[in-house]
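**Q** need coordinates for the following:
(one chain, ligands or ions: 2)
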Amino acid sequence: MTSLDQYGWLRYRHSCTSIEIPRDLTIGRIVSIKGFKYYTVTEEGELECDLSGRLLYLPSTDHPKTGDWVTLTVYDRAGYIISVLPRYNELSRRNPGAATERQLLAANIDAAFIVQGLDRDFNVMRLERYLVQLAACNIPANIVLNKTDLVDDTLPYLDAVQALGRGVPVLFCSTHTGVGMRALQDELLLPGHTYVLIGSSGVGKSSLLNALLHQEQQATATTSGSNQKGRHTTTTRDLFRLPNGSLLIDTPGMREFGVTGGEATSEDLFPVISSLAASCRFTDCQHLDEQGCAVLAALHNGSLSEAVYDSYLKLKKEMRRFEIDVSDKKRLNKQFGKIAREAKNHRKKYKY
Ligand SMILES: Nc1nc2c(ncn2[C@@H]2O[C@H](COP(=O)(O)OP(=O)(O)OP(=O)(O)O)[C@@H](O)[C@H]2O)c(=O)[nH]1
Ligand SMILES: [Zn+2]
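**A** Ligands and ions are numbered 1, 2, ... in the order given. As a prediction, this is how the structure comes out:
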């Protein structure tokens, strides 16, 4: 087996069949990014790369991300990335630093593991937020509830997740006692497939990765005393090959996970609401105060929980806001472009 196959090339080719790759270029997969350096795996092994000039001047959202397949040329044992091959999906969130931008976190992902700790971190509405964004990114989700050693009974947590009505697989585990780790490795992680761990800081993502790698490759923090919160330790995003041949990307703990929506309509991202909405009197019902709204009826008779409905409204509003902000920005850029062109023409005409 070549090293490309070991890093998921077969799986990638299965999803992106129509790509033509020039014979004189090398193929690599991004396993880590540190500043301006891109680390790839190629058939000749690991290679440190720079971006070629053409890529360098593209917006940073078009730069390679962990999990990307790229073409590169190699001179004197240094690689120059020429292009990013088409992605079969992208894990993104709203850029916390720039509200109108989507921030890409990783690419070509077969499934995500949303990790929460069964300490104070457990928050079902935050889970919903991740689930909505993953659905928008077209990435299947699994939920991993870690630190089971800290609670007596896991059933209430399972009930809370199931109340979301999304049918997402839930795995309980503890990296301290080893509970659930075998099931994670043998049942959820397939060889040649790429997975990503996402969650807040301190939930135990690096500990999970270490347990799966059976060795200390990723720094783990010590929990800071009484507040049960781990320190922020993961500084780079990295793609690891696990002993069973699956590939796992660890992401740094995220304080915010803003939703951007996606190609699916916002209703499609909320299966419980959309199945109720089929019975609303008006096809364009917004489920706010309309007559004959089946969503509101379910809310009033208690079959739809208030928390699920509130979360739906909040996330839908956030996605609309993002769409409006992005289209406002595009319009402003267009206006500015027009003004700049007019000024240039004026200067040309009057030669100043
Ligand atoms: N009680 C308990 N603590 C755990 C468990 N798994 C991890 N921890 C602790 O939680 C703290 C944070 O673990 P990390 O693995 O560094 O968490 P992380 O999600 O990678 O955090 P970032 O790197 O900041 O994103 C550490 O003190 C771990 O020892 C567990 O199963 N039970
Ligand atoms: Zn309705």
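**Q** can we go C-alpha only for contacts and neighbour counts from here?
**A** OK.
**Q** does E318 lie in a helix or a strand, and which?
**A** helix 306-350 (DSSP states H and E).
**Q** average pLDDT for that helix?
**A** For helix 306-350, mean pLDDT rounds to 76.
**Q** just stretch 64-81 next, same as before
**A** 92.
**Q** mind exporting that stretch as PDB, just the C-alpha atoms?
**A** Output of stretch 64-81 as PDB, limited to C-alpha atoms (Å, rounded to 0.1, in the frame of the first residue of the first chain):
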ATOM      1  CA  PRO A  64      -5.100  24.700   1.700                       C
ATOM      2  CA  LYS A  65      -6.600  23.400   5.000                       C
ATOM      3  CA  THR A  66      -5.900  20.300   7.000                       C
ATOM      4  CA  GLY A  67      -7.300  17.300   5.100                       C
ATOM      5  CA  ASP A  68      -6.900  18.900   1.700                       C
ATOM      6  CA  TRP A  69      -5.400  17.100  -1.200                       C
ATOM      7  CA  VAL A  70      -3.000  19.300  -3.100                       C
ATOM      8  CA  THR A  71      -0.700  19.100  -6.200                       C
ATOM      9  CA  LEU A  72       2.900  20.200  -5.700                       C
ATOM     10  CA  THR A  73       6.200  20.400  -7.300                       C
ATOM     11  CA  VAL A  74       9.400  19.300  -5.400                       C
ATOM     12  CA  TYR A  75      12.700  21.100  -5.700                       C
ATOM     13  CA  ASP A  76      15.600  20.200  -3.600                       C
ATOM     14  CA  ARG A  77      13.500  18.400  -1.000                       C
ATOM     15  CA  ALA A  78      11.200  21.400  -0.500                       C
ATOM     16  CA  GLY A  79       7.600  21.400  -1.800                       C
ATOM     17  CA  TYR A  80       5.600  24.100  -3.500                       C
ATOM     18  CA  ILE A  81       1.900  23.700  -3.500                       C
END
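**Q** how far does that stretch sit from its chain's centre?
**A** Mean C-alpha position of stretch 64-81 versus that of the full chain (C-alpha atoms, centre = their mean, to the nearest Å) differs by 23 Å.
**Q** again, but for stretch 20-29
**A** So, by C-alpha atoms, centre = their mean, the centroid of stretch 20-29 is 26 Å from its chain's centroid.
**Q** what's in contact with it?
**A** With contact meaning C-alpha atoms under 8 Å, 6 or more residues apart in numbering, stretch 20-29 is reached by 4, 7, 40-43, 66-74.
**Q** show me what L247 is bridged to.
**A** For L247, the beta-bridge partners are T194, R241 (DSSP bridges).
**Q** circling back to that earlier point, sitting in strands, which of the contacts of stretch 20-29 do you find?
**A** For these, membership in strands holds for T40, V41, T42, W69, V70, T71, L72, T73, V74, with DSSP state E as the criterion.
**Q** most surrounded residue in the contacts of stretch 20-29?
**A** G67 (30 neighbours; other C-alpha atoms under 10 Å).
**Q** surely C280 is in a helix?
**A** No - applying DSSP: H, G, I helix; E, B strand; the rest coil, one finds C280 to be coil, outside a helix.
**Q** tell me who's in contact with it.
**A** Residues in contact with C280, defined by C-alpha under 8 Å, 6+ apart, are G292, C293, A294, V295.
**Q** my guess is E256 contacts P96. True?
**A** Yes - taking contacts as C-alpha atoms under 8 Å, E256 lies within contact range of P96: 6.9 Å.
**Q** how about the secondary structure of the residue of the stretch 251-352 of the chain found nearest ligand 1?
**A** In the stretch 251-352 of the chain, no residue comes nearer to ligand 1 than G253, which is 3.3 Å away by C-alpha to the nearest ligand atom. Three-state call for G253 (three-state DSSP): coil.
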